[in-house]
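Q: Take a look and give me a structure for this.
(4 chains)
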Amino acid sequence: MAEVPKKLTIPPEEHMCAGHLACQGCGAALAMRYALKALGPNTVFTVPACCWSVIDGPFPYTTLGVPLFHIAFEAVAASACGLAAGLEIMGKKGVNVVAWAGDGGTADIGIQALSGAAERNDNILYICYDNEAYMNTGVQRSSSTPWGAWTTTTPARHFKKRPKKDLVDIMVAHHIPYVATAAMAFPEDLVAKVAKAKDIEGMKYLQIFASCPPGWRMAPEYSVKSVRLAVNTRVWPLLEVEHGVYNINRKPRKRTPVAEYLKLQGRFAHLTEEQFEEIQGMVDRNWERLLFLEKSTHEMAGVPLKGDKAAASKGKETEAAAG
Amino acid sequence: MKQVVTGNHTVAHAARVGRAQVVSAYPITPQTQVVEKISEFVADGIMDAKFIKVESEHSAMVACIGASAAGVRTFTATSAQGLALMHEVLHWAANARLPVVLANINRAMGPPWTIWTDQIDSLSERDTGWMQFYAESNQDIFDGILISFKVAEQVLLPAMVILEAFFLSHTAEPVDFPEQEEVDRFLPPRVATHTVDPEHPAAFGGLTGPDHYYELKYMEHNAMLEAEEVIKRVTQEYGDLTGRYYKMADPYRCEDAETVLLVSGGVASTAKDAVDEARAAGKKLGSLKIWAFRPFPREDVRELLLGRKRVAVVDRNISFGQEGIFCTEVKASLYGRDGAPPVLGFVAGLGGRDIKVRDLLAIAEAAEKDDCPEFNWYGVKP
Amino acid sequence: MIEIRFHGRGGQGAAVASSIIADAIFSEGRDVQSFPMFGVERRGAPVAAFIRVDDKPIRVRCELEDPQYVMVLDPTLVEAVDVTAGVQADGVIVVNSPLEAGELGLGEDFRVYTFDGTTLSVEHGLGTRTAPIVNTTMLGVFAKITGLLGIDALEASVKKYFPRDRDGKNAKAARAAYEAAGSG
Amino acid sequence: MTEKIEIRGACDMPPMAKSLGRMSWNLTGSWRNVTPVIDYEKCTICMLCWKFCPDLAITCTEPPEIILDYCKGCGVCAEECPVNCIEMREGI
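A: Purely as a prediction, here's the structure:
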């Protein structure tokens, strides 16, 4: 009998089984697998219409080793709030109630219930796995689809001309204790964030960048590679916002051109070099904005930013004044 | 103990003594006093429940669905546009077989904006798989909600108690509130099966193909049919406790009636005065109140109406292009039976137009004419 | 069956007053029904509230058209709305007004009584001259003039409806008005 | 591995669509048109292949093994392997 390897960077336990109905190379399947590792068995999922309402398998089967309550498309946040209230009253202690939705169910049709739950600061963990379009229904644009992308409702000749909706900013504006991004190409970071979020009281929002090889018109083997490139090109920065204070978790030293990320995917194949540059500009401006937010929110909170001596000394002053 | 209470506050009291554990609701005229009162009960600590103050009726129903799936007793209240917004998830509650109880204050649908009563909002939800009970008085509201919790939790179907805007919701009248211990005896805590529970993981409501979906519907229909028996048993039990016996189809002075006014909701109450007045004038008029609209008491309706000279159905609703909805339902129950009387439909009182004793007498009189059309817009100003 | 109509302005507590009177009459053993005007209430706009009283159970659930008793909470309403609409001949109309009954111009068909409820209310610390709270005061007047209910029952119901009025200003004003008003 | 569940009709079903078993009966190995083969001579047991397998088709063991019953043949393991010891082969 072979042994369990000693040097694992994520927990070996699996809380879902093989046999599920995800496409080859599915990023959403990996995202779920990692999230479950952090959450453990004392967890309840509620899922609206999305890829995962199919991936889990048809009645009378399930893939997850924890309960999964399916709910209507626009309703997952409210469903989670109801489950959390019910489980609490039933005396079930410390259950992680997770709303698990795609970007359409989050940024579009589900945003009202999400905003309501966040404003109330109900004790749930909302995880959006973001593959940037309605993949379950065959790749239609969502408000999370990025500028330049092809989808079946934004054909190459009329590709999407509006930027991706920034859910992170929207959630930060709700003043909830924890908002973060993750990517399924960085499992250690993802697992750590879910583990951290589950122990925070109140509303937690995590948006996981998850590839969709068919929807991104990409070979399935590039599933992880593409998402790693998204992070390394700063298209999808990994960050945490706790009580309004931003932290960029990964600052790639080398500036990898966005084109490397874009060229891997058929959904951007129609773009010209000039348009690649245009996207590079958007990405650079967003990165600068995030660096500014990180610096300024640290200053305002009087929390020293790693490697920022000015903020550190100001933090001490604030502390002294408060004392 | 009897207290003078409005219909809306009666709803809140019923949720409280019925020990709803999670309430989730969104305010809408004319239901607002329900959410205000329940907020007050919860804030004052005299109602041990969690009140999720959601951002829409859709979320109100969904939060009830989630909490009910976890195993607790849940309650909400709404009206008209709010009920319509819930429509999708009303199906969800019923198909997930969750015993959510809802009070709907009957309000007409816009546009134009209106806040006054009619039944189109609730009757539009006829086929969602919810039981429906139409209250005649504030006492009916209170009793109906307690009965609904018990029946719903036995047959695993949600239930709606329906009351008219203003005529009941804002009208204060004496209501007999039983002692909490009595209610607790009648309605013990919910014993839930098939709950969402990490100790017994399962998926609920996953993709279901033609091989199995059909059988789930068959079971849901059977549950609704079974509900008829359960309602009869539970109302008997409730009657033995309180002296108030509810009937799914409730006749008033029908024994020898030639003409029967078929009514529902608060109109059923006014109809009793109309019947007494007609009787005093020597006319053989009776009235039949449909309390339970789903499940529909087909057998009772047959038993009470076969052999009558005529039935005049007062519908505070309309199915456009057809007729009043109670009228269609009654006809369907009587169709092809020996002694089936002519069923004459009268739409009346839409959008809160008043239905007075004299209106009901005029409807009965019109029905008795030989050339009475099968379908009538009573009192319309064409 | 006895039918009663209250006139007030949105925010003056006509609906609350109708609930209190219904509660008090019920406590004396009769069946009651009370309801506000069915519509949207806006502060300042004329509103109405209604009460039915009977010795046997009340079953009609419709609006009320021809009351025997009317109460007008605001003196200026006599000009603004037809407070006599549908009132039965010889019906009783109680008006909060410093004027004499004859000065209101409500005609000869009804028994009209006036009482300066505003002054008494303000004296009892209920609101101010510009925004007096007259509903409980006028209930005392109404009880005395119509004889439909006793002051003890009224006082008990007023207290029940104003649990936060620790000094019992409302109940005191109702009783003072009851004692000051002439009987019908 | 759970078995496929036989449902004759309503008599075998819960009142709502509640699952009765796990998807592991569903052998997704049949989806595969190329098959990963590990060259154990080169394998450093870094476990990246296990970590990035979306289909839980690689064992968490020393050394890792492909579970052909479930491997959909996506090729992520071969692409991610830092020492290029996994080859996607046709015709297996």
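Q: contacts and neighbour counts: CA atoms only from here.
A: OK.
Q: The residue in the stretch 201-323 of chain A positioned nearest to chain D: what secondary structure?
A: The minimum distance from the stretch 201-323 of chain A to chain D, using Cα to the nearest Cα, falls at residue A:221 (4.1 Å). Following DSSP: H, G, I helix; E, B strand; the rest coil, we place residue A:221 in the helix state.
Q: Is there a neighbour count for the closest residue to it other than its chain neighbours? I'd like the number.
A: In this structure, residue A:221 finds its nearest non-sequential neighbour in residue D:76, 4.1 Å apart by Cα to Cα, 6 or more residues apart in numbering or on different chains. The tally of other residues near residue D:76 (other Cα atoms under 10 Å in any protein chain shown) stands at 26.
Q: May I ask you to confirm that residue D:76 is in contact with residue A:27?
A: No. Checked against Cα atoms under 8 Å, the pair residue D:76 and residue A:27 is beyond contact range at 10.6 Å.
Q: Now do the same for the residue of chain D positioned farthest from its centre: its pLDDT.
A: Largest separation from the mean C-alpha position in chain D: residue D:11, at 33.6 Å (Cα atoms, centre = their mean). Predicted confidence (pLDDT) at residue D:11: the value is 97.
Q: roughly how far apart are whichever residue of chain C sits closest to chain D and residue B:253?
A: Closest to chain D within chain C is residue C:61: 41.1 Å, counting by Cα to the nearest Cα. Remark: distance between residue C:61 and residue B:253 (Cα to Cα, to the nearest Å) = 19 Å.
Q: quick one: which of those two has more around it?
A: Ranked by neighbour count (other Cα under 10 Å), residue C:61 and residue B:253 place residue C:61 first, with 24 against 16.
Q: So which bits of the stretch 151-300 of chain A are right by chain D?
A: Counting by Cα under 8 Å from any Cα of the partner chain, the residues of the stretch 151-300 of chain A lying close to chain D are A:185, A:220-225.
Q: what helix or strand is residue A:287 on?
A: helix A:273-301 (DSSP states H and E).
Q: Can you pick out the most distant pair from the residues of the stretch 151-300 of chain A next to chain D?
A: Pairwise distances among these were taken by Cα to Cα; the largest, 13.6 Å, belongs to A:185 and A:220.
Q: Look at those two and report which has more neighbours.
A: residue A:185 (26 against 23).
Q: ok, that one touching residue A:229?
A: No. If you go by Cα under 8 Å, residue A:185 and residue A:229 don't touch, sitting 9.0 Å apart.
Q: Name the residues contacting each of residue D:76 and residue A:27.
A: A:223-224 (Cα atoms under 8 Å, 6 or more residues apart in numbering or on different chains).
Q: mind listing the strands for the chain?
A: I went with chain A, as the question did not name one. A:43-47, A:61-62, A:68-70, A:96-102, A:125-130, A:178-183, A:204-209, A:239-242, A:245-248 (DSSP state E).
Q: To clarify, I was referring to chain C.
A: Using DSSP E, strands in chain C cover C:2-9, C:31-36, C:46-54, C:69-72, C:92-96, C:111-115.
Q: Return the residues in contact with the spatially most central residue of chain D.
A: Most central in chain D under Cα atoms, centre = their mean is residue D:57, positioned 2.4 Å from the mean C-alpha point. Residues in contact with residue D:57 (Cα under 8 Å, 6+ apart) are A:18, D:50, D:66-71.
Q: what about 6 Å?
A: Residue D:57 makes contact with D:66-67, D:70-71, according to Cα atoms under 6 Å, 6 or more residues apart in numbering or on different chains.
Q: if I look at it, how far off is chain B?
A: Distance, residue D:57 to chain B, by Cα to the nearest Cα, to the nearest Å: 22 Å.
Q: Find the least confident helix or strand in chain A, judged by mean pLDDT.
A: None of the helices or strands of chain A scores lower by mean pLDDT, DSSP states H and E than helix A:309-322, at a mean of 47.
Q: follow-up on the earlier one: turn the strands of chain A into JSON lines, columns for distance to residue B:168, mean neighbour count and mean pLDDT.
A: Shown next, in JSON lines, are the strands of chain A (distance: least, Cα to Cα, whole Å; neighbours: other Cα atoms under 10 Å in any protein chain shown; pLDDT from 0 to 100):
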{"stretch": "strand A:43-47", "distance to residue B:168": "38", "mean neighbour count": "26", "mean pLDDT": "98"}
{"stretch": "strand A:61-62", "distance to residue B:168": "47", "mean neighbour count": "29", "mean pLDDT": "98"}
{"stretch": "strand A:68-70", "distance to residue B:168": "37", "mean neighbour count": "27", "mean pLDDT": "98"}
{"stretch": "strand A:96-102", "distance to residue B:168": "39", "mean neighbour count": "27", "mean pLDDT": "98"}
{"stretch": "strand A:125-130", "distance to residue B:168": "41", "mean neighbour count": "27", "mean pLDDT": "98"}
{"stretch": "strand A:178-183", "distance to residue B:168": "46", "mean neighbour count": "27", "mean pLDDT": "98"}
{"stretch": "strand A:204-209", "distance to residue B:168": "43", "mean neighbour count": "26", "mean pLDDT": "98"}
{"stretch": "strand A:239-242", "distance to residue B:168": "49", "mean neighbour count": "20", "mean pLDDT": "98"}
{"stretch": "strand A:245-248", "distance to residue B:168": "52", "mean neighbour count": "20", "mean pLDDT": "97"}
